[in-house]
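>>> A predicted structure for the sequence below; I have some questions about it.
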Amino acid sequence: MDSSRTDRREPFRILLIEHDPVDIKLILSMLDTVKSLLNFSISHVTRLDAALERHAEQPHDVALLDLALPDAPGLD
C-alpha cells in the first residue's frame, strides 16, 4: 500500500449511497473494522439525487453506490 495515501492529513471522503437499512449497517460495520488503519470520513444518503447534490457541495474521493436505488435506473 502506498504510504502517502495512508498518511494523508485530511481523511478520504466516502459517500455511501444506499437505501436498505440492513446493507447500511453491514457496510458501516465493515468500514469500522478498518477505521484504525485508514483515515476516512463517511457521508450517507439514500437516494441518487441527494448523492449528486451532496457531491456537488463537497466532492468525495470514493462513492459506494447501491445499483438498485429507488430513484435510479440501475443496470437494466
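That came in fine, so what should we check first? This is a predicted model, so every value here is computed, not measured.
>>> buried residues in the helix of greatest length in the chain?
Identified as the longest helix of the chain according to DSSP state H is helix 21-32. Within helix 21-32, the residues that qualify as buried are residue 27, counting by 16 or more other C-beta atoms under 10 Å. Every C-beta, even on glycine, is put in place using the N, C-alpha and C of the backbone.
>>> what's it packed up against?
strand 12-17, strand 40-45 (3 or more C-beta pairs under 8 Å, 6 or more residues apart in numbering; DSSP states H and E).
>>> so where is this structure shaky, pLDDT-wise?
1-8, 74-76 (pLDDT under 70).
>>> Figure out which of the helices and strands packed on helix 21-32 is closest to residue 55.
strand 12-17 (6.3 Å; C-beta to C-beta).
>>> What helices and strands are in contact with the closest one?
helix 21-32, strand 40-45, helix 48-57, strand 62-65.
>>> can you redo those as JSON lines with distance to residue 9?
Output for the helices and strands packed on strand 12-17, formatted as JSON lines (distance: least, C-beta to C-beta, whole Å):
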{"stretch": "helix 21-32", "distance to residue 9": "20"}
{"stretch": "strand 40-45", "distance to residue 9": "13"}
{"stretch": "helix 48-57", "distance to residue 9": "21"}
{"stretch": "strand 62-65", "distance to residue 9": "17"}
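>>> So which of the ones you listed is nearest residue 12?
Residue 12 lies closest to strand 40-45 among the helices and strands packed on strand 12-17, at 4.1 Å (C-beta to C-beta).
>>> just to revisit the earlier point, winner for burial among the helices and strands packed on helix 21-32?
Scoring the helices and strands packed on helix 21-32 by mean neighbour count under mean count of other C-beta atoms under 10 Å gives strand 12-17 as the most buried, with a mean of 19.
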